[in-house]
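Undergrad: Model the structure of this input:
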Amino acid sequence: IAVIYHPEMTWEWKYQIDVYGFQFNKTDDLILFPWDNITIARNSFLPVRKHKPIFSLHENITGNESNLAFYVPHNPPCLFNNIYGSDYMTPKSGPSTQAKWGTLHGRPAHGNPECNTALTVSEQEDLERQLAS
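TA: Numbering: from 1, shown residues only. I've put the predicted structure just below:
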């Protein structure tokens, strides 16, 4: 999910919410993002972890602000390395900057390198909860 704030818009609510689905293959432990046709390793993405709270001037529908937060993938460096290549921190331009470029040109977005991340007990519980949803 991506939430974008548009301060200059004339709408009453100035937020755009984009929801991106994915498919999880338990057998191969891989996640497919169909809109870009990218397959990534589950352990580079799940469990997502709370990154920063979202400040809001309005109560959400539950009346509880504490659950509003930005979430990030579990292992962003490994995820970006697999999707964009080991030089993902180097500014680039052109088509090779698109997430699907590597996949379209024979570089899978998983296993290059392996994302071998040990989970804490709490992270393992989060993973199990997120996979059950």
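Undergrad: in this protein, what spans have low per-residue confidence?
TA: Residue ranges of the chain with pLDDT under 70: 1-18, 55-67, 133.
Undergrad: Which parts of it are strands?
TA: Ranges of strands in the chain, per DSSP state E, are 2-5, 15-18, 23-25, 30-33, 38-41, 49-53, 69-72.
Undergrad: Quick check: which of those is buried the most?
TA: strand 38-41 (a mean of 23; mean count of other Cβ atoms under 10 Å). From N, CA and C alone the C-beta is placed, and that goes for glycine too.
Undergrad: So in terms of bridging, what pairs with the closest residue to Gly111 other than its chain neighbours?
TA: Nearest residue to Gly111, sequence neighbours excluded (Cβ to Cβ, 6 or more residues apart in numbering): Ala41, at 6.7 Å. Per DSSP bridges, the residues bridged to Ala41 are Leu30.
Undergrad: picking that back up, just put the strands of the chain in JSON lines and tack on distance to His105.
TA: JSON lines is the format used below for those (distance: least, Cβ to Cβ, whole Å):
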{"stretch": "strand 2-5", "distance to His105": "26"}
{"stretch": "strand 15-18", "distance to His105": "26"}
{"stretch": "strand 23-25", "distance to His105": "23"}
{"stretch": "strand 30-33", "distance to His105": "17"}
{"stretch": "strand 38-41", "distance to His105": "13"}
{"stretch": "strand 49-53", "distance to His105": "31"}
{"stretch": "strand 69-72", "distance to His105": "27"}
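Undergrad: Figure out which of these is closest to Asn82.
TA: strand 38-41 (6.3 Å; Cβ to Cβ).
Undergrad: Relative to the whole chain's centre, how far out is the closest one?
TA: 11 Å (Cα atoms, centre = their mean, to the nearest Å).
Undergrad: Roughly how far does the residue nearest to Trp101 when sequence neighbours are not counted sit from His105?
TA: Spatially, and ignoring its direct neighbours in sequence, Trp101 is nearest to Pro95 (5.6 Å; Cβ to Cβ, 6+ apart). For Pro95, the distance to His105 (Cβ to Cβ, to the nearest Å) stands at 10 Å.
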